[in-house]
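*Asks:* Requesting a structural model of the entry that follows:
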Amino acid sequence: MVIANIISYVLVLTGALNWGLFGIFNWNLVSAIFFGPRAIGAVIVYSLIALAAIWLIISPIITNGALKLQNNRVIHEEY
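*Replies:* So this is what the prediction gives:
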């Protein structure tokens with residue numbers, strides 16, 4: 001679940017960066033990479049970003065309010 005959260009954060013930040021560039025400079029980063037806003041690669045990236053956002057909404061509900069970004073390792077020390 002930690003890996004899914006990290007990947008989701010990266011995808012959502014990519015989407016936010018794309019919206020920022022589009023809003024400020026009227027330039028779509030994803031569209032520029034895939035040579036068009038409706039190219040199959042762009043549609044896949046947009047869909048992955050939407051799924052990542054949905055995951056970040058649902059994940060804390062599944063884990064009772066905790067959005068984990070690192071493993072909680074318990075180290076047992078013997079004295």
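
*Asks:* which residues in the chain form helices?
*Replies:* Assigned by DSSP state H, the chain shows helices spanning 2-25, 29-34, 40-62.

*Asks:* what's the closest of those to residue 71?
*Replies:* Proximity to residue 71, assessed across the helices of the chain by C-beta to C-beta, is greatest for helix 2-25 (5.8 Å). Where you see a C-beta, it was placed from the backbone N, CA and C, and this is true even at glycine.

*Asks:* now that closest one: how far from the chain's centre is it?
*Replies:* The chain centroid and the centroid of helix 2-25 are separated by 6 Å under C-alpha atoms, centre = their mean, to the nearest Å.

*Asks:* do the same with stretch 41-56
*Replies:* Stretch 41-56 sits 8 Å away from the centroid of its parent chain (C-alpha atoms, centre = their mean).

*Asks:* wait, what's in contact with the residue lying closest to residue 37 once chain neighbours are set aside?
*Replies:* Leaving out its chain neighbours, the residue that sits closest to residue 37 by C-beta to C-beta, 6 or more residues apart in numbering is residue 31, at 4.3 Å. By C-beta atoms under 8 Å, 6 or more residues apart in numbering, the residues touching residue 31 are 37, 39, 42.

*Asks:* Which residues are in contact with the spatially closest residue to the last one that is not a sequence neighbour?
*Replies:* Which is residue 42. Once flanking residues are discounted, residue 42 sits nearest to residue 34: 4.1 Å by C-beta to C-beta, 6+ apart. Counting by C-beta under 8 Å, 6+ apart, residue 34 touches 40-42, 45.
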